[in-house]
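**Q** quick one: sequence and predicted model below, then my questions.
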Amino acid sequence: MKISTRGRYALRFMIDLALHNTGEYTALKDISERQQISIKYLEQITALLSKFGLLLSVRGPQGGYKLAKAPDAYSVGEILRITEGNLAPVACLEQNPNSCEKRENCPTLKLWEGFYKVVNNYFDGITLAELVNQAAPESYFDYVI
């Protein structure tokens with residue numbers, strides 16, 4: 001299994017939104033500059049994430065994007081499954097129930113099922129908030145007025 005650029009960029013995009021959350025919408029141009037990801041590529045990612053309800057968006061000069069939920073309500077697994085599709089390591093596990101004609105006698109099926117379970121449990125056990133906390137140095141939130 002290899003996570004594509006789309007999946008990696010989607011995570012970076014969501015972390016950026018969470019890190020710079022002021023309650024206002026954030027312009028795609030600003031995220032593009034901070035993350036060094038083209039606006040065209042981000043537009044594809046935001047369309048997908050918006051379709052599945054992860055983002056709120058507003059068009060226009062004051063428009064942009066913001067998270068639809070609190071960062072701790074998103075799992076890495078949820079984001080990756082939206083951008084990558086099923087995280088199954090082999091084709092026969094992409095369907096539930098497994099309809100492979102060899103499933104009854106497959107000597108490696110348990111191996112792949114175990115790996116699939118570990119991957120999903122790992123990614124589902126990490127929230128966007130945890131990634132934000134790892135990405136933000138303590139001084140990032142240390143404001144002096």
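**A** Done, it's in.

**Q** mean confidence score for the host helix or strand of residue 134?
**A** Assigned by DSSP states H and E, residue 134 falls within helix 128-135. Averaged over helix 128-135, pLDDT sits at 90.

**Q** okay, it in PDB with CA atoms only?
**A** Extracted C-alpha coordinates of helix 128-135, given in PDB (Å, rounded to 0.1, in the frame of the first residue of the first chain):
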ATOM      1  CA  LEU A 128      -6.500  15.600  13.100                       C
ATOM      2  CA  ALA A 129      -6.200  17.300  16.500                       C
ATOM      3  CA  GLU A 130      -3.300  15.000  17.300                       C
ATOM      4  CA  LEU A 131      -1.500  15.900  14.100                       C
ATOM      5  CA  VAL A 132      -2.100  19.600  14.700                       C
ATOM      6  CA  ASN A 133      -0.500  19.200  18.200                       C
ATOM      7  CA  GLN A 134       2.500  17.500  16.700                       C
ATOM      8  CA  ALA A 135       2.900  20.100  14.000                       C
END
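
**Q** for that helix, packing partners?
**A** Here helix 128-135 touches helix 5-19, helix 76-84, going by 3 or more Cβ pairs under 8 Å, 6 or more residues apart in numbering; DSSP states H and E. The way it works is simple: take the backbone N, C-alpha and C, and place the C-beta from them, glycine included.
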